[in-house]
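Engineer: Sequence below, structure please.
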Amino acid sequence: MMQDYHYETELEVRDYECDIQGIVNNAVYQNYLEYCRHKFLNQTGFSFAQLHDEGIDAVVIRAELDYKYPLSPGDVFLARLKMVKKGQLRIIFEQQIVRKSDKKLIINARITTVLTRNGRPVSPEVLEEKFKKAGIVIEEE
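Structural biologist: Here you go, the predicted model:
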């Protein structure tokens, strides 16, 4: 289990997110993970819209999801994340989804992003100061 994470949020599975088998459709999990990332940014004092207005766009370049166990309608779960830097340009969100009732691991995910300005990659250093002000240090992988 991910013990050392930067952010956690609670959500509940809605009926319409499930497929004919009565479990959450695989693509929906990416929405949960993205929601967690957006809420995390809001908690630190800025948003993806604000970044875009400043000319910076965060772009997902790779999504790796390991599905461990399905969620069903009404399940309450925790989505959590930890950020790490990889190399000069990449920010990786190590994420998990865990069912709240029994702490069952549902998803392990690794979302790789880069920051761009005018379509060109820029160093994550442009955000590190903002994160430091919120008490978050982005470690090297």
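Engineer: how about the nearest residue to residue 136, chain neighbours excluded?
Structural biologist: residue 6 (5.5 Å; C-beta to C-beta, 6 or more residues apart in numbering). All C-beta spots, glycine's among them, are computed from the backbone N, C-alpha and C.
Engineer: let me fix that: residue 30
Structural biologist: Closest to residue 30 by C-beta to C-beta, 6+ apart is residue 63, at 6.5 Å.
Engineer: what's the helix or strand for that neighbour?
Structural biologist: Here residue 63, judged by DSSP states H and E, is contained in strand 56-67.
Engineer: Give the pairing partners of that strand; include direction for each.
Structural biologist: Here strand 56-67 is paired, per DSSP bridges, with strand 105-117 (antiparallel).
Engineer: ok, and for the strand it pairs with, which residues are buried?
Structural biologist: Buried residues in strand 105-117, counted by 16 or more other C-beta atoms under 10 Å: 106, 107, 108, 109, 111, 113, 114, 115.
Engineer: residues in contact with that strand?
Structural biologist: Strand 105-117 has contacts (C-beta atoms under 8 Å, 6 or more residues apart in numbering) with 1, 29, 33, 37, 55-71, 77, 86, 89-99, 121-124, 126-127.
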